[in-house]
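Colleague: sequence and predicted structure are below.
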2 protein chains.
Amino acid sequence: MKIVFIGSGNVATHMAMALKNAGSDIIQIYSRTDTNAQLLAHKVSAEPISDLNNLNREADLYIFSLNDDILPSFVKMMPDTSGIWAHTAGSVPMNLFGGRLNRGGYGVIYPLQTFSKEREMDFTKISIFIEGDIIETKNSLLSLARTISDDVKFLDSESRKYLHLAAVFANNFSNHMFTLANEILRERGIEFDALRPLIVETAAKVLEMEPKKAQTGPAIRLDVKVINKHLELIKDDKIKEIYTILSESINRHSS
Amino acid sequence: MKIVFIGSGNVATHMAMALKNAGSDIIQIYSRTDTNAQLLAHKVSAEPISDLNNLNREADLYIFSLNDDILPSFVKMMPDTSGIWAHTAGSVPMNLFGGRLNRGGYGVIYPLQTFSKEREMDFTKISIFIEGDIIETKNSLLSLARTISDDVKFLDSESRKYLHLAAVFANNFSNHMFTLANEILRERGIEFDALRPLIVETAAKVLEMEPKKAQTGPAIRLDVKVINKHLELIKDDKIKEIYTILSESINRHSS
């Protein structure tokens, strides 16, 4: 399959490399900034472009992996092409492409994962959620996604929005809790390493039980003495507010 | 070593079982409620007691594993005994025992982990933080802790308070994020399973990078469009508030 990537961020980077390794032919990487396009293009032996006039219009698939803010206006600027258009965004409905008359179908190929460029990923373990305008598009995206992942499912735009929202809590916000924990320790000169076994267990627990059942700590057992001690230790008012709101929320969800 | 446990909660249960398996002799389990004492006592072949008059006063070690709210007043009620007194609480200073004249030393044996009764734990992987009034107490607690854990360290009361606070963020609050994610999915009929690979990766990432570097998502890339869409999807005002405050906090810590 001949694939063009529109975008060269974390998702594009990991997906392009996985597809390349699985035998797909990544022919072009478009990025507004020259250097980003070149960086990823080099990794997957593609041609870097930063001008849409140079776009190859005969690819089988165009994967749009752009910031949600830019995606809609960018699609309007796209020249007509052959092939399927698909984006990788959790919160953008498939019908973003509905008004466009490219000469293929359109759809979504959404990998549910947190990607950082510095970290290698085993794409086979990543869940990919697919959507397509017609059965042929669905099947094309399904076959392609299966070359890189062992877990490919269909999911409509409406449900995908909620999955993305849930993922923000499960990953973005929980990771931020690790950041705040790290800050608290750093001020006392304690290494973040001290928390790593706890963090591993935090994730391991919810692999086998409901997160609500896995909840422990002062908030769930209403240990007001500890809660007040902790609030005294926190100097930053914003972090104090987070401690209070989350403790209340744990309590509210305890029954 | 002959050990009496005061308390029969999650921490007492896991620690008593680990000590028993490592060859210690758990002679009594005290709990205010008969049935709790019996349950744990049965597991570690100890005598259950719910009346302090029946306390064996000749043990080598008394481990207090009680709610922080109860601990101070309970210690005042304790009859004189031989042996060391140690508690397992993160936020209670060692000198809680300072005014008491038991016939041994006193100290702390704090396992940094999240314990649920339903889940078996490999105690050897749990970090234990030790404190003792005199060198002999420290050495006794160190030797004992090393029979159940590969990772035993000394930590003073002041630093332990901050470690406990950081652990509340790293475990309690991140687990609550999983609970909220689960609720969002449940309303749409999506299985929590969909998020499990993401949660595993969330923890795996911070084993090898700083949590701040691992941060991804709409808040860190200031994707206002996604943030506003998410806020529209959330019906519950309290959860909306959490989304807003945490997104702001991620942003504030991004530089």
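Modeller: All right, it came through fine.
Colleague: make it CA atoms for all contacts and neighbour counts henceforth
Modeller: Noted.
Colleague: can you give me how far stretch A:215-232 is from the chain middle?
Modeller: 33 Å (Cα atoms, centre = their mean, to the nearest Å).
Colleague: buried sites along it?
Modeller: A:Gln215, A:Thr216, A:Gly217, A:Pro218, A:Ala219, A:Ile220, A:Leu222, A:Val226, A:Ile227, A:His230, A:Leu231 (16 or more other Cα atoms under 10 Å in any protein chain shown).
Colleague: can you check stretch A:17-28 too?
Modeller: For stretch A:17-28, by 16+ other Cα under 10 Å, it's A:Met17, A:Ala18, A:Leu19, A:Lys20, A:Ser24, A:Asp25, A:Ile26, A:Ile27, A:Gln28.
Colleague: ends of that stretch, what's the gap?
Modeller: Using Cα to Cα, to the nearest Å, the end-to-end distance of stretch A:17-28 comes to 13 Å.
Colleague: SS state for A:Tyr110?
Modeller: Judged by DSSP: H, G, I helix; E, B strand; the rest coil, the three-state class of A:Tyr110 is strand.
Colleague: who's it bridged to?
Modeller: Beta-bridge pairing for A:Tyr110 (DSSP bridges): A:Phe129.
Colleague: including pLDDT, could the buried residues of stretch A:215-232 go into a markdown table?
Modeller: Formatted as a markdown table, the buried residues of stretch A:215-232 follow (pLDDT from 0 to 100):
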| residue | pLDDT |
| --- | --- |
| A:Gln215 | 95 |
| A:Thr216 | 92 |
| A:Gly217 | 92 |
| A:Pro218 | 92 |
| A:Ala219 | 95 |
| A:Ile220 | 94 |
| A:Leu222 | 89 |
| A:Val226 | 92 |
| A:Ile227 | 95 |
| A:His230 | 96 |
| A:Leu231 | 97 |
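Colleague: just these that are near chain B?
Modeller: Applying Cα under 8 Å from any Cα of the partner chain to the buried residues of stretch A:215-232, one finds that A:Gln215, A:Thr216, A:Gly217, A:Val226, A:His230 fall near chain B.
Colleague: out of those, which sit inside helices?
Modeller: A:Val226, A:His230 (DSSP state H).
Colleague: before we move on, the earlier item: out of the buried residues of stretch A:17-28, who's nearest chain B?
Modeller: Closest to chain B out of those is A:Ala18 (17.1 Å), distances taken as Cα to the nearest Cα.
Colleague: tell me which helix or strand the closest one sits in.
Modeller: In this assignment (DSSP states H and E), A:Ala18 forms part of helix A:10-21.
Colleague: show residues contacting that helix.
Modeller: Outside of helix A:10-21, the residues within contact range by Cα atoms under 8 Å, 6 or more residues apart in numbering or on different chains are A:5, A:25-26, A:40, A:43-44, A:65, A:88, A:115-117, A:120-121, A:123, A:147-148.
Colleague: in ChimeraX, select just the buried ones from these.
Modeller: Buried members of the contacts of helix A:10-21, defined by 16+ other Cα under 10 Å, are picked up in ChimeraX with:
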select /A:5,25,26,40,44,65,88,115,116,121,123,147,148
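Colleague: take the contacts of helix A:10-21 and keep only those in helices.
Modeller: Short answer: the contacts of helix A:10-21 in helices (DSSP H) are A:Leu40, A:Lys43.
Colleague: show me the shaky parts of the stretch 101-250 of chain A.
Modeller: Residues of the stretch 101-250 of chain A meeting the criterion pLDDT under 70: A:101-102.
Colleague: what about the helices in the stretch 151-255 of chain A?
Modeller: Here the stretch 151-255 of chain A has its helices, by DSSP state H, counting those that start in this stretch, at A:157-167, A:174-187, A:196-208, A:211-214, A:224-233, A:237-252.
Colleague: quick one: which of these is nearest B:Arg196?
Modeller: helix A:196-208 (6.3 Å; Cα to Cα).
Colleague: chain center to the closest one: distance?
Modeller: With Cα atoms, centre = their mean, you get 21 Å for helix A:196-208.
Colleague: for it, packing partners?
Modeller: helix A:211-214, helix B:196-208 (3 or more Cα pairs under 8 Å, 6 or more residues apart in numbering or on different chains; DSSP states H and E).
Colleague: possible to save the ones you listed as CSV with mean neighbour count and distance to A:Asp69?
Modeller: Output for the helices and strands packed on helix A:196-208, formatted as CSV (neighbours: other Cα atoms under 10 Å in any protein chain shown; distance: least, Cα to Cα, whole Å):
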stretch, mean neighbour count, distance to A:Asp69
helix A:211-214, 20, 33
helix B:196-208, 20, 24
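Colleague: in CSV: those helices, plus distance to A:Lys240.
Modeller: Putting the helices and strands packed on helix A:196-208 into CSV (distance: least, Cα to Cα, whole Å) gives the following:
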stretch, distance to A:Lys240
helix A:211-214, 23
helix B:196-208, 24
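Colleague: kind regards, and thank you for your time.
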